[in-house]
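Enquirer: Got a sequence here, can you build the structure:
(one chain, ligands or ions: 1)
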Amino acid sequence: MKVKCPECGAEFDVPDDVIVGEVVTCPDCGLELEVAKIEAGNVELKPVQVAGEDWGE
Ligand SMILES: [Zn+2]
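Expert: Below is the predicted model of the structure:
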């Protein structure tokens, strides 16, 4: 199945048996994405919120 990275727009493949909650990594920008929804062959991704990384202040 093909997915599109919401960050950089790159298209890449995920396994056909991917499940909701699985984390995939964009090969282009390295962003970690969680499978949020699988619907009629379309995979919806959302960025993984990495806890414990406070770079802000
Ligand atoms: Zn990307």
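Enquirer: Around the ion, pick out the residues from this protein.
Expert: Proximity of the chain to the ion, by C-beta under 5 Å from the ion, involves residues 5, 7-8, 10, 26, 28-29, 31. Every residue, glycine included, has its C-beta placed from N, CA and C.
Enquirer: which ones are touching D16?
Expert: M1 (C-beta atoms under 8 Å, 6 or more residues apart in numbering).
Enquirer: Work out for me the element it sits within.
Expert: Assigned by DSSP states H and E, D16 falls within no helix or strand.
Enquirer: mind checking how far it is from the ion?
Expert: D16 sits 21 Å away from the ion when distances are taken as C-beta to the ion, to the nearest Å.
Enquirer: Next, that residue: phi, psi?
Expert: Dihedral pair for D16: phi -60, psi -20, per degrees, to the nearest 10.
Enquirer: do you know how far it is from C5?
Expert: 19 Å (C-beta to C-beta, to the nearest Å).
Enquirer: D28 too?
Expert: 6 Å.
Enquirer: quick revisit: secondary structure, neighbour count and distance to E44 added to the residues of the chain next to the ion, as a markdown table?
Expert: Listed next are these as a markdown table, based on DSSP: H, G, I helix; E, B strand; the rest coil; neighbours: other C-beta atoms under 10 Å; distance: C-beta to C-beta, whole Å:
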| residue | secondary structure | neighbour count | distance to E44 |
| --- | --- | --- | --- |
| C5 | coil | 20 | 12 |
| E7 | coil | 14 | 14 |
| C8 | coil | 11 | 17 |
| A10 | coil | 13 | 16 |
| C26 | coil | 21 | 15 |
| D28 | coil | 13 | 18 |
| C29 | coil | 11 | 18 |
| L31 | coil | 17 | 15 |
